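Novice: Give me a model of this one.
(4 chains)
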There are 2 protein chains.
Amino acid sequence: MEHNPRAHGSLRHKPVRNSEASQAKILEAARAEFVTHGLTGARVDRIAEQAGVNKNLIYHYFKSKEDLYLRILEGIYSDMREHQRDLEVRDLPPIEGMRALVAHTFDHFVATPDLIRLMSIENIHYAHYLKQSKVVKSLYIPLLQTIKTLLARGQEEGSFRANVDPVDFYVSISALAYFHLSNRYTLSWIFNQKLDSPKRLAQRRAHVVEMVLGYLQSHGDDLAGATQTTRKSSRSKNRSRLE
Amino acid sequence: MEHNPRAHGSLRHKPVRNSEASQAKILEAARAEFVTHGLTGARVDRIAEQAGVNKNLIYHYFKSKEDLYLRILEGIYSDMREHQRDLEVRDLPPIEGMRALVAHTFDHFVATPDLIRLMSIENIHYAHYLKQSKVVKSLYIPLLQTIKTLLARGQEEGSFRANVDPVDFYVSISALAYFHLSNRYTLSWIFNQKLDSPKRLAQRRAHVVEMVLGYLQSHGDDLAGATQTTRKSSRSKNRSRLE
DNA sequence: CATATAACCAACTGGTTAGTTAATTAGGAC
DNA sequence: GTCCTAATTAACTAACCAGTTGGTTATATG
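Specialist: Below you'll find the predicted structure:
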């Protein structure tokens, strides 16, 4: 079925026609295009031009513009999970482990601006395309397990507060590492400072780690006693109102 | 210059022709269209149809599709600042004041889904349109002032940690209140639970308030001593690396 | 070298879309 | 009621754009 292009001349200078290389060039160009312009703003003609191939070659290898978009999306989500490296963090001491998990998440978002933009774009489309993916979802099961394990071990040894919901907690870590990047353009303008300068990023990284660890290590009940009715406890959920 | 349509018949049944009402209908339809489809996905024909007016009427009152988008954007940003109600929070006791500020921000995001989507959309466009606005930016000066005041008073009375950057802090509050909504579609799918059910929202509201207050009330240095080199201090910025 | 297969391309198509043209008509002023 | 201005419209246009048609040519295989 599949023929082997390196069957005769081995690793000589590659031939003029090379389907693998062409597909790679298309995918790379498509990624840049979708990331910069979004799904609706992306132009197939521009992808062809950037990839240096004829437009029809795109349709030769991919079903449609949307199919191409889905491929890019799946790839970048898989990459993210690889970089969270939660498995190697699972057996560290709880505080150290959490610190590393937050740091890895933060650093990966910083290092992969395309990820942030595609996540935002996909949510503008109500996750319509990600939902078609068959691989991404399962990648997240071990992550939640790691968080549960670290939280439990931290509570046992008395360094973490109790009653932390792992999904809320993961969402908060992501939020703190994501929002300052996803919304950097409006924020930078409003506050008159570039939020993605190396200095600001280093400062924010420290702040985010501090916030997560500070929260975990402040044992809700025992220190909130500072003022009146605002005392919180693990049962505080019932008190909440959404106006 | 401007004529008054209620000059003769006062508040009788409004005439068939009514420029104010038409503009309002256009703006409302445009808002829904931009929020659902984004700027590039929005269709002027659909806006006209939804507003129940001829398409050219849109061009009669607004310069272009992009001009219309900017109007919507400015309106929704101004609304946000009104709902943060930071001025009435400024003189509360620090803990109570912070709690209220976080709560107001959270509740307004929940109550105004259009805001979240337009902020995301605008950042996909690199804040290109918001930057043309002449009003939005100045709205944020009092907000930062409120945060500075509350932080300082909380530190004085010993209930808050020191060395909290007000911009980082505001970004974190927004992040925690925003991300779970902006990315609810991908998150809900990945974690198999609707993040915007009333129950989940109430839980998250409590979690976010807890996280912000827990962070503020955990006095960095004195409790982080739990482990090795990871101790943080106000000078920790120098230590940070971004791999 | 003959031939089959797949890589690759120029030119086209049909539907869509932001914006325009050239008018018609309602209502207020005098 | 006449006349002016602004509200409102139908029909049009030129550019755009995802996807197709109908090929040509490189290359691996026997």
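
Novice: ok, now which ones touch A:Met211?
Specialist: A:Leu176, B:Ser172, B:Met211, B:Tyr215 (CB atoms under 8 Å, 6 or more residues apart in numbering or on different chains). Heads up, the C-betas are built off the backbone N, CA and C, glycines and all.

Novice: and if you look at A:Ala30?
Specialist: Here A:Ala30 is in contact with A:Ala42, A:Ile47, A:Ala51, A:Leu68, A:Tyr69, A:Arg71, A:Ile72 (CB under 8 Å, 6+ apart).

Novice: so which strand or helix has the second one?
Specialist: Secondary structure assignment for A:Ile47, by DSSP states H and E: helix A:44-51.

Novice: Could you dump the contacts of A:Met211 into JSON lines and include distance to DNA strand D, secondary structure and pLDDT?
Specialist: Below are those laid out as JSON lines (distance: CB to the nearest atom of the strand, whole Å; DSSP: H, G, I helix; E, B strand; the rest coil; pLDDT from 0 to 100):
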{"residue": "A:Leu176", "distance to DNA strand D": "35", "secondary structure": "helix", "pLDDT": "98"}
{"residue": "B:Ser172", "distance to DNA strand D": "38", "secondary structure": "helix", "pLDDT": "98"}
{"residue": "B:Met211", "distance to DNA strand D": "42", "secondary structure": "helix", "pLDDT": "98"}
{"residue": "B:Tyr215", "distance to DNA strand D": "45", "secondary structure": "helix", "pLDDT": "98"}
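
Novice: rewinding a little: filter the contacts of A:Ala30 to the buried ones?
Specialist: A:Ala42, A:Ile47, A:Ala51, A:Leu68, A:Tyr69, A:Arg71, A:Ile72 (16 or more other CB atoms under 10 Å in any protein chain shown).

Novice: Please read off the pLDDT at the fourth one from the model.
Specialist: Right, A:Leu68. On pLDDT, A:Leu68 comes in at 97.

Novice: how close does the residue nearest the centre of chain A sit to A:Ile116?
Specialist: Using CA atoms, centre = their mean, the residue of chain A that lies closest to the mean C-alpha position is A:Met80, 5.3 Å off. A:Met80 is 10 Å from A:Ile116, where distance means CB to CB, to the nearest Å.

Novice: The helix holding A:Ile47 and DNA strand D, are they touching?
Specialist: Yes. Helix A:44-51 reaches DNA strand D (CB under 7 Å from any atom of the strand) through A:Val44, A:Asp45.

Novice: Quick check, pLDDT for the residue nearest to the centre of chain A.
Specialist: 82.

Novice: How about the contacts made by it?
Specialist: Per CB under 8 Å, 6+ apart, neighbours of A:Met80: A:His108, A:Thr112, A:Leu115.

Novice: Does the helix or strand containing it reach DNA strand D?
Specialist: Here A:Met80 sits within helix A:65-84, counting by DSSP H and E. Yes. Shown here: helix A:65-84 in contact with DNA strand D (CB under 7 Å from any atom of the strand) through A:Lys65, A:Glu66.

Novice: What's the first helix or strand after that helix?
Specialist: helix A:94-111.

Novice: So is that following helix next to chain B?
Specialist: Yes. Using CB under 8 Å from any CB of the partner chain, helix A:94-111 reaches chain B at A:Ile95, A:Glu96, A:Arg99, A:Asp107, A:Val110, A:Ala111.

Novice: nearest residue to A:Leu115 other than its sequence neighbours?
Specialist: A:Ile76 (5.2 Å; CB to CB, 6 or more residues apart in numbering or on different chains).

Novice: From what I see, that neighbour and A:Ile116 are in contact.
Specialist: No. With contact defined as CB atoms under 8 Å, A:Ile76 does not count as touching A:Ile116 (9.8 Å).

Novice: pLDDT on stretch A:143-163, on average?
Specialist: Mean per-residue pLDDT for stretch A:143-163: 96.

Novice: That stretch vs chain B: in contact?
Specialist: Yes. For stretch A:143-163, a contact with chain B is found by CB under 8 Å from any CB, at A:Leu144, A:Ser159, A:Arg161.

Novice: A:Gln217 is in contact with the second one, correct?
Specialist: Yes. Contact status for A:Ser159 versus A:Gln217: in contact at 6.2 Å, counting by CB under 8 Å.

Novice: what angle do the longest helix that chain A contains and helix A:65-84 make?
Specialist: In chain A, assigned by DSSP state H, the helix with the most residues is helix A:19-41. Inter-element angle recorded for helix A:19-41 and helix A:65-84: 100 degrees (by axes from the mean of the first three to the mean of the last three CA atoms, to 10 degrees).

Novice: Tell me the buried residues in helix A:19-41?
Specialist: A:22-23, A:25-27, A:29-35, A:37-39, A:41.
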